[in-house]
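**Student:** Fold the stuff below for me.
(one chain, ligands or ions: 2)
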Amino acid sequence: MATIFDNTLELPNSEIQERTKSLIGFESKFSRIYTNLKLLLDQDGLNEWSKKFHQTKLPIINQLKDKYPLIILAGDAGTGKTVSAESIADKMTRELKKEGFFLKLSTRVRGEGLHGQMGNLVNDAFAELKIQAGKRRIAFLFIDEADAIATTRSTMQMHQEEKASVNTLIQKIDEIRELHGRAVVFMSTNRLHFIDEAIIRRASIVLEFERPNKKERKELFSQSLKGIEFSEEQLDNLADLTSPEKNSNLGHSFSDIRLKILPEAVAKAFPDKSLTYEILVETISSIKPSPKIK
Ligand SMILES: Nc1ncnc2c1ncn2[C@@H]1O[C@H](COP(=O)(O)OP(=O)(O)OP(=O)(O)O)[C@@H](O)[C@H]1O
Ligand SMILES: [Mg+2]
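**Tutor:** Numbers count the residues shown, from 1 in each chain. Ligands and ions are numbered 1, 2, ... in the order given. All right, here's what the predicted structure looks like:
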């Protein structure tokens with residue numbers, strides 16, 4: 001079991017909650033997902049509500065169960081899909097006042113995945129998901145970079161075994177509906193058009209992740225550079241310099257700014273200078289936005 005997951009995590013988790021605070025634009029993404037899924041995830045609560053306000057279990061409640069507990073996180077590289085999955089799961093458990101268990105399927109295992117092994121991997125992952133799902137506990141399975149598993153079956157070059165594993169995946173997604181909201185599957189992809197139609201159709205929500213807009217870039221600089229005095233105008237300029245307009249129509253991503261520009265700027269100042277606006281401007285001009293994934 002240990003080998004097929006990169007990471008397992010008990011939720012709620014205060015470290016994740018802390019990290020969530022630094023994710024710009026998180027709240028609006030979360031509320032879209034939560035509004036979409038809360039009825040599915042809180043079926044006991046729904047029953048209680050129905051009995052309390054309508055003295056009976058309304059038939060409409062059963063129809064709500066037809067949704068699939070599948071969330072697809074789609075978007076370009078470095079837009080926050082991987083970091084957001086844990087945050088979404090963490091906040092969901094908090095909102096629902098439940099506990100959670102988060103399983104992240106290992107990319108390494110999938111990379112090695114010989115034809116025919118993928119189906120087993122999917123089976124094992126979902127078996128563990130079922131074991132971990134409990135009465136007061138939601139189990140989350142995160143298939144990061146799901147393209148490798150969920151690629152469309154219409155591709156001609158696809159091997160029989162790979163097609164079979166996509167079928168297995170679809171079947172497993174169907175099966176977890178029987179857990180009545182105690183299991184949720186997340187998939188991330190930066191190539192939504194490679195994902196099999198049948199999988200996309202099942203998703204309760206396909207959440208699109210994008211590179212930051214001007215306001216978000218400014219917020220990212222302002223938040224990351226807290227403690228250094230920069231004027232509004234300087235922060236505005238930093239946001240401008242990383243815009244699509246200044247970079248052949250493709251702006252810097254969250255990860256370009258946070259994991260490339262800022263560390264490099266600090267490296268330029270450290271150890272004998274302070275981190276100045278000029279250093280940041282110079283650094284930005286030397287780092288191109290990462291190319292868009294097609
Ligand atoms: N909303 C955000 N606010 C602040 N920083 C962010 C945000 N989204 C992403 N980042 C930063 O960008 C980094 C990369 O994000 P992440 O790995 O989640 O991207 P991704 O969408 O999974 O990319 P890929 O498709 O390449 O896997 C994060 O470690 C974080 O530092
Ligand atoms: Mg990722």
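
**Student:** now residue 67, what's its secondary structure?
**Tutor:** Three-state call for residue 67 (DSSP: H, G, I helix; E, B strand; the rest coil): coil.

**Student:** Output the below-cut-off pLDDT ranges for the stretch 101-250 of the chain.
**Tutor:** By pLDDT under 70, the weakly predicted segments of the stretch 101-250 of the chain are 108-116, 155-157.

**Student:** Okay, buried residues for stretch 187-197 please.
**Tutor:** With burial defined by 16 or more other CB atoms under 10 Å, the residues of stretch 187-197 counted as buried are 187, 188, 189, 190, 195, 196. No exception for glycine: its C-beta is placed from N, CA and C like everyone else's.

**Student:** is it true that the first one lies in a helix?
**Tutor:** This points to residue 187. No: Residue 187 sits outside any helix when classified using three-state DSSP, being strand.

**Student:** who touches it in this structure?
**Tutor:** 70, 71, 72, 73, 142, 143, 146, 150, 195, 199, 203 (CB atoms under 8 Å, 6 or more residues apart in numbering).

**Student:** How about the third one?
**Tutor:** Listed by CB under 8 Å, 6+ apart, the contact set of residue 189 reads 72, 73, 74, 81, 145, 146, 147, 150, 195.

**Student:** Enumerate every residue touching the residue of the stretch 51-200 of the chain found nearest ligand 2.
**Tutor:** Minimum separation of the stretch 51-200 of the chain from ligand 2 (CB to the ion) falls at residue 82, amounting to 3.2 Å. By CB under 8 Å, 6+ apart, the residues touching residue 82 are 144, 188.

**Student:** tell me the mean pLDDT over the helix or strand in which it is found?
**Tutor:** Assigned by DSSP states H and E, residue 82 belongs to helix 81-95. For helix 81-95, mean pLDDT rounds to 96.

**Student:** Which parts of the stretch 151-294 of the chain are helices?
**Tutor:** Taking DSSP state H, counting those that start in this stretch, the helices of the stretch 151-294 of the chain run over residues 160-175, 197-202, 214-224, 232-241, 254-255, 262-269, 277-286.

**Student:** residues in the stretch 51-200 of the chain within reach of ligand 2, list them.
**Tutor:** Neighbours of ligand 2 within the stretch 51-200 of the chain, by CB under 5 Å from the ion: 81, 82.

**Student:** Ok, which of the helices of the stretch 151-294 of the chain comes nearest residue 293?
**Tutor:** Proximity to residue 293 (CB to CB) singles out helix 254-255 among the helices of the stretch 151-294 of the chain, at 12.5 Å.

**Student:** averaged over its residues, what pLDDT does that closest one have?
**Tutor:** Per-residue pLDDT over helix 254-255 has a mean of 97.

**Student:** wait, does that helix contact ligand 2?
**Tutor:** No: shown here: helix 254-255 not in contact with ligand 2 (CB under 5 Å from the ion), separated by at least 9.0 Å.
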